[in-house]
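Novice: Sequence and predicted structure below; questions after.
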Amino acid sequence: MKASKFREFSDEELIQKEVDMREDLFKLRFQHASQQLQNTCRIKEVKRDIACLLTIWRQRIKGQR
C-alpha cells in the first residue's frame with residue numbers, strides 16, 4: 001500500500017490497520033513454516049507496509065505531518 005493511503009487514515013484506523021497487518025504477517029509466517037505459502041514475497045510486502053505505517057505514525061506523534 002502506498003504511504004499516501006496511510007496518511008488518509010485517522011489515528012484509530014492506523015492502529016487497527018497495524019494490528020491487522022501484524023496478524024496477517026503471523027499467519028503468513030506460519031504458512032511459510034508449514035510450506036503452505038504460495039506467494040513468499042507477500043511476507044516482504046507486509047513487513048514493508050508495517051514499517052511505512054509506523055513511520056507515518058511517528059511523524060504524526062512528532063507533529064511533522
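Specialist: Perfect, I can see it now.

Novice: In the lowest-mean-pLDDT helix or strand in the chain, which residues are buried?
Specialist: Least confident element among the helices and strands of the chain, by mean pLDDT, DSSP states H and E: helix 3-8 (a mean of 90). Taking 16 or more other CB atoms under 10 Å as the basis for neighbour counts, the residues of helix 3-8 that come out buried are F6. In short, each C-beta sits where N, CA and C put it, glycine included.

Novice: And the next helix or strand after it, what does it pack against?
Specialist: Tracing the chain past helix 3-8, the next element assigned as helix or strand by DSSP states H and E is helix 11-33. Applying 3 or more CB pairs under 8 Å, 6 or more residues apart in numbering; DSSP states H and E, one finds that helix 11-33 contacts helix 41-62.

Novice: Report all helices and strands that the helix it packs on contacts.
Specialist: Looks like helix 41-62 contacts helix 3-8, helix 11-33 (3+ CB pairs under 8 Å, 6+ apart).
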